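Chemist: Next input, structure requested:
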Amino acid sequence: MAKSRLADRIGLIFPSNIRGAMRLNAAATAAGTVVNLAQGLPEFNSDEILKGYAIDAINANYDKYLDTWGHPPLRQAISAKYKAHYNRTVDAEQEVVVTCGTSEAIALAIFSLVNPGDEVIVLEPFYENYPPNIVTAGGVPRFVKLHAPDWTFDRKELAAAFNKRTRAIILNTPHNPTSRVFTKDELEFIASLCVKWDVMAITDEIYEHMVFDGERHLALANVPGMEDRTITCSGVSKTFNVTGWRIGWAVAPKDVCYAMQRLHDYTTLVAPSAFQVAAIKALSLPQSFYDDLTLKYEALRDEFAGYVENANFKFIQPQGTYFLYADASHLGFEDDKATTEYLRTQKGLAVVAGFGFYRPNTRTQHIRFCFAKYPATLRLAGEKLATL
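Modeler: Model (predicted):
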């Protein structure tokens, strides 16, 4: 028999459910036959001032390689951001690496920490990139369920998942897909386990500025004992509606950051230069920008949640992100794959099936809506939901 020319790890990596839904719906969305609430892609454009920053950078000839670890003024801006928003002192030179999006930052963090056979705790449901990164590094995902309807973890279950093989835990807050924002008490419990077992935490905080109802994002790195145990990953994609700029970063302890910087040198080399320069000015926008952002998404959430509730879906009111994660079992389909197919082909509404946020071969009944859309788009989606 001919041997496979592909590495064994490829068989462990399943196709992306989210990107698959994007490709499936692209033509229908362009033709106007489907209202697309699937991929986490804001419908509205970035602010004109942000476009101007990027245009200015291109005109200033920022079209060559910058420092591969991140343009020093951008690293300084990132350091200033953490001081302003979280009162956290970050060494811009030794504790920041600029990456091609937050996804690369998370991947580099995993590759820097995990040896073959090491376990990484993942809260389920999860953003689908995490397990493929873990298995590519030779690690083993150790799943701990978030329990519906409130999407909280059982403390005994989480504590039981930690053991001598545990290398890291990945925490996404605000959480995609459930929209949960983990509480101070929950973060302190996670921190206590990390300290007890000498485990690192990788936090995905890309939705950090989308927290509603008067609450604020709480950073795990600010919990006592976690500053030197946390790799904080974020970026500009979601906050500034510039998902195509691919500017992310990680803030990490010096030794881990240096490892991530070296890996970054041999993977993507450098994030786009002009957009790095533009991101410096984006990060300098006043607090009023973030306040307006929150109010905008709160209003969109409230409007869309009304449509989903009227269609008899069960869900928690989104606490953060721009997603609403709903139980669709009342529609009577076998699973969420069948539900999403029906919504797309019969109702002209594109959503993401929940199974992609779980370990392989898990059958679920949840679907994820993205409400980062113009009010008119949400109203049209509401009209389609009303016919169910």
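Chemist: What ranges does this protein have for its helices?
Modeler: Listed in chain order, the helices of the chain (DSSP state H) span 17-31, 48-59, 72-86, 101-113, 130-136, 155-161, 184-197, 254-265, 273-282, 287-310, 336-347, 375-385.
Chemist: looking at the ones you listed, which is closest to I121?
Modeler: Comparing the helices of the chain by their distance to I121 (Cβ to Cβ), the top pick is helix 155-161, with 5.2 Å. Backbone N, C-alpha and C define where each C-beta goes, glycine included.
Chemist: gap between that closest one and the chain center?
Modeler: 24 Å (Cα atoms, centre = their mean, to the nearest Å).
Chemist: Can you give me the buried ones in that helix?
Modeler: L158, A161 (16 or more other Cβ atoms under 10 Å).
Chemist: what sits up against that helix?
Modeler: With contact meaning Cβ atoms under 8 Å, 6 or more residues apart in numbering, helix 155-161 is reached by I121, R142, V144, K145, F189, I190, L193.
Chemist: Would you mind measuring from the residue most central in space within the chain to F371?
Modeler: Averaging the C-alpha coordinates of the chain gives a centre point, and the residue nearest to it by Cα atoms, centre = their mean is I206 (5.3 Å). As judged by Cβ to Cβ, to the nearest Å, I206 and F371 stand 17 Å apart.
Chemist: and what of R262?
Modeler: For R262, the distance to F371 equals 40 Å [Cβ to Cβ].
Chemist: With adjacent residues omitted, what lies nearest to K314?
Modeler: Using Cβ to Cβ, 6 or more residues apart in numbering and skipping residues adjacent in sequence, the residue nearest K314 is D327, 4.3 Å away.
Chemist: quick one: low-confidence parts of the protein?
Modeler: For the chain, residues meeting the criterion pLDDT under 70 lie at 1, 27-32.
Chemist: Now the contacts of helix 155-161 in CSV, please, with extra columns for distance to E309.
Modeler: CSV is the format used below for these (distance: Cβ to Cβ, whole Å):
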residue, distance to E309
I121, 33
R142, 35
V144, 29
K145, 25
F189, 31
I190, 31
L193, 36
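Chemist: Closest to Y82 out of these?
Modeler: Each of those was scored against Y82 by Cβ to Cβ, and I190 proved nearest at 19.8 Å.
Chemist: Measure how buried that closest one is and give me the count.
Modeler: Neighbour count of I190, defined by other Cβ atoms under 10 Å: 26.
Chemist: Identify the residues contacting it.
Modeler: With Cβ under 8 Å, 6+ apart as the criterion, the residues that contact I190 are L158, I169, L171, F182, A201, L220.
Chemist: can you rerun that using 6 Å?
Modeler: I190 makes contact with no residue, according to Cβ atoms under 6 Å, 6 or more residues apart in numbering.
Chemist: Quick check: it vs K184, distance?
Modeler: From I190 over to K184 the distance is 11 Å, taken as Cβ to Cβ.
Chemist: try N361
Modeler: For N361, the distance to K184 under the criterion Cβ to Cβ works out to 36 Å.
Chemist: If you count surrounding residues, which of those two has more?
Modeler: The residue with more neighbours, out of N361 and K184, is K184; 10 against 7, by other Cβ under 10 Å.
Chemist: hmm, back to that, pairing partners for the residue nearest to K314 in the sheet, please.
Modeler: Following DSSP bridges, D327 is listed with bridge partners K314, H366.
Chemist: List only buried entries from the contacts of helix 155-161.
Modeler: With neighbours counted by 16+ other Cβ under 10 Å, those contain buried members at I121, R142, V144, F189, I190, L193.
Chemist: Which pair of the residues you listed spans the longest distance?
Modeler: Pairwise distances among the buried ones among the contacts of helix 155-161 were taken by Cβ to Cβ; the largest, 16.9 Å, belongs to R142 and F189.
Chemist: circling back to that earlier point, closest to E93 out of the buried ones among the contacts of helix 155-161?
Modeler: Out of the buried ones among the contacts of helix 155-161, the one with the shortest distance to E93 is I190. That distance is 29.1 Å, counting by Cβ to Cβ.
Chemist: thinking V199 is in contact with K164, fair?
Modeler: No: between V199 and K164 no contact is recorded; they are 10.3 Å apart, counting by Cβ atoms under 6 Å.
Chemist: neighbour-wise, which of those two wins?
Modeler: Each of V199 and K164 has its neighbours counted (other Cβ under 10 Å); V199 has more, 20 against 7.
Chemist: Tally up the residues packed near Y342, please.
Modeler: Using other Cβ under 10 Å, Y342 has 15 other residues around it.
Chemist: Tell me the spacing between the residue nearest to the centre of the chain and T173.
Modeler: Using Cβ to Cβ, I206 is found at 10 Å from T173.
Chemist: ditto for G11
Modeler: In this view, G11 and T173 are 31 Å apart by Cβ to Cβ.
Chemist: Fine, thanks again, bye for now.
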